[in-house]
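*Asks:* Quick one, what's the 3D model for this:
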Amino acid sequence: MGLPPAHAKAMNLVPDFKLRRRLYQIFCGPMKQDRKKWDSSHRLINFAYASPKQCHSINVLSCSYGKMRWKQSHFFSGMNNTPNFLFFIAATSRGPNNKGGRYARRAINPGRPVMRNFFFPTIAGILMFCIGMEAFPEELWLHPKCETLPSEVLGPFVTLGDGGILALQGAHALVSKDEGVTWESTPIFKEGETISISTEGALLRTRSGVIIAAFLNVSAQDWRWNSETHDADPGTRLPCCVIRSLDEGKTWQDFQTLHEDWTGAVRDIIQTRDGRVVFTSMRLLNRPGRHCVLTYSSTDDGLTWKPSNLLDLGGNGHHDGATEATVEELRDGRLWKLIRTNLGVFWEAFSDDGMYWRTMGQTTIDASSAPGMLKRLQSGRLLLVWNRRFPEGKTEYPLTGGDREWSEVPVSNHREELSVAFSEDDGKTWTTPVVVARQPGAWLAYPYVYERKPGELWITTMQGGVRVKVREADLLP
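*Replies:* A predicted model of the protein is given here:
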């Protein structure tokens, strides 16, 4: 949830997904805390891509120089008021396209000259020695009926009028005419516009052919969490934005910022039977610091938007509260929202129109502190893809949080398995969950689901790099 903090606001994602996934597996696999926990003494724990003076850098992991220590499931924990080193594997190049470049090892001290060839191998060697083989997650296991997709492109996807597939990445629209084997890229924004689309976003092609993208503008983020007050300081922002295309993604228009508050994620978007477009969003609240969820609705194919009321579960922490919801329309016309919480289950809310959410309570669907994805399939069934609270066959998992930094109460962050279940009765009952991907020591989370053709499901994850297709019938009991 959320994205890099202020000190990394000029960075974009590593464009080479295979490299990003491998670095993720090697360096961040065993972490049980969220990889996006920061304060004044924590530096970015993520893969990023920067181009200072046309030299590309991939941020692998970070620590506070001067103090490194184990603490339960933390990778390492920093101390305040110490200089911070960011350890990079850098792609040095002659230009922004990395033509003729090579990968080299570096350690970068923010604000100081690059220190070459010494700190990274030394400190990385110490870390690898300390954590042993736990740094290397086990091999990714996939359900026998799953097939690997032909490319590493991340969803969400939509089907174009001519049968092609559209996805968004960074500041570009990607189109495939050959079932995802190859992709043609075109820019979304004009040259000079400082807008970059987050990997946590939502994409929809309406019945009239308008394509709507809802996303976070990572180019405008500014993360200012205060570990002393357990709250976000003034100026914290990650805007929630929308843009649309009227010509199948060739050109884009009507860019809007719907709110400037820190938006932890935009996860899902649907069009209801009456034509209303609804997508889920978030806002960071203060005193105490926590998140809440809301939806935005449009009755004119995304030209104008209205926000709903806020749903607030309380809590305290930069990953606490009501977060990262998914939404679907039920057969009776109501909208059903499943909300990520730190309480061991999804919470739910209902609305008649996406504008007013009047009923909220907990479900019986056990869940880790991670988002799920609901999808109405062409068969009429509801599909849920999510991380269960505990690994399959177990009744416990190490808890983290409870410190008012991550959360007010200890939580399960189990994300080593990705499960699916189906419902024939609009979520009242579900089939026995089926694990489609498993990788102990890694995180397989933030799923997107795309029904390429009736019964053919493409499942991709932002965390862990799952890229599979599977037939609905092969996962049914």
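
*Asks:* pLDDT wise, what is R358 at?
*Replies:* For R358, the pLDDT comes out at 87.

*Asks:* any idea how far it is from P234?
*Replies:* Distance of R358 to P234, computed by C-beta to C-beta, to the nearest Å: 32 Å. C-beta here means a position set from N, CA and C on the backbone, and glycine is covered the same way.

*Asks:* same check, this time on R376
*Replies:* Distance, R376 to P234, by C-beta to C-beta: 41 Å.

*Asks:* do the same with Y397
*Replies:* Y397 sits 37 Å away from P234, going by C-beta to C-beta.

*Asks:* hang on, P477 packs against T432?
*Replies:* Yes - P477 is within contact range of T432, at 6.5 Å (criterion: C-beta atoms under 8 Å).

*Asks:* Please, where are all the strands along the stretch 101-250 of the chain?
*Replies:* With DSSP state E, counting those that start in this stretch as the criterion, the stretch 101-250 of the chain has strands at 102-108, 115-116, 141-142, 147-148, 158-159, 165-169, 172-176, 184-187, 202-205, 211-216, 225-226, 231-232, 240-245.

*Asks:* Quick one: name whatever helix or strand follows the helix or strand encompassing F346.
*Replies:* Using DSSP states H and E, F346 sits within strand 345-351. Per DSSP H and E, the first helix or strand lying C-terminal to strand 345-351 is strand 357-366.

*Asks:* What is the following helix or strand past that next one packed up against?
*Replies:* Later in the chain than strand 357-366, the nearest helix or strand by DSSP H and E is strand 373-376. The contact analysis (3 or more C-beta pairs under 8 Å, 6 or more residues apart in numbering; DSSP states H and E) places strand 373-376 against strand 323-329, strand 382-386, strand 445-453.

*Asks:* per-stretch mean pLDDT over the strands of the stretch 101-250 of the chain, give me the minimum one.
*Replies:* Looking at the strands of the stretch 101-250 of the chain, the bottom one is strand 102-108 with a mean of 30.

*Asks:* any idea how far the residue sitting nearest the centre point of the chain lies from R267?
*Replies:* In the chain, the centroid-proximal residue (C-alpha atoms, centre = their mean) is E200; its distance is 4.4 Å. Distance of E200 to R267, given as C-beta to C-beta: 7 Å.

*Asks:* With N217 instead?
*Replies:* In terms of C-beta to C-beta, N217 sits 16 Å off from R267.

*Asks:* more crowded one of the two?
*Replies:* Using other C-beta atoms under 10 Å as the criterion, N217 and R267 rank with R267 on top: 29 against 22.

*Asks:* Show me how the record splits the protein into domains.
*Replies:* Here the domain parsing of the chain from automatic domain parsing is 6-135, 141-475.

*Asks:* Most tightly packed of those domains?
*Replies:* Mean neighbours per residue, mean count of other C-beta atoms under 10 Å, is largest over these for domain 141-475, with a mean of 19.

*Asks:* any weak-confidence spans in this protein?
*Replies:* Along the chain, segments meeting pLDDT under 70 span 1-136.

*Asks:* Apply 80 and report the result again.
*Replies:* Counting by pLDDT under 80, the chain has low-confidence residues at 1-137.

*Asks:* circling back: given the strand holding F346, what are its sheet partners and their directions?
*Replies:* Here strand 345-351 is paired, per DSSP bridges, with strand 335-340 (antiparallel), strand 357-366 (antiparallel).

*Asks:* can you list contacts of the longest one?
*Replies:* Outside of strand 357-366, the residues that reach it under the criterion C-beta atoms under 8 Å, 6 or more residues apart in numbering are 295, 308-309, 311, 337-338, 341, 343-351, 372, 384, 386, 388-390, 430.

*Asks:* at 10 Å what do you get?
*Replies:* Outside strand 357-366, the residues within contact range by C-beta atoms under 10 Å, 6 or more residues apart in numbering are 293-295, 308-313, 322, 325, 334-339, 341, 343-352, 372, 384, 386, 388-390, 412, 421, 427, 429-430, 433.

*Asks:* Common neighbours of P477 and T432, please.
*Replies:* Common neighbours of P477 and T432 (C-beta under 10 Å, 6+ apart) are F422.

*Asks:* Which helix or which strand is home to the spatially closest residue to Y356 that is not a sequence neighbour?
*Replies:* Spatial nearest neighbour of Y356, chain neighbours left out: N309 (6.0 Å); criterion: C-beta to C-beta, 6 or more residues apart in numbering. Under DSSP H and E, no helix or strand contains N309.

*Asks:* Could you check how far N309 is from R283?
*Replies:* With C-beta to C-beta as the criterion, N309 and R283 are 12 Å apart.

*Asks:* Now do the shared contacts for the two.
*Replies:* With contacts taken as C-beta under 10 Å, 6+ apart, N309 and R283 have 292, 294 as neighbours in common.

*Asks:* Would you give the sheet partners of the host helix or strand of V468, along with the direction of each?
*Replies:* Assigned by DSSP H and E, V468 belongs to strand 467-471. Next to strand 467-471 in the sheet, as set by DSSP bridges, lie strand 147-148 (antiparallel), strand 456-463 (antiparallel).
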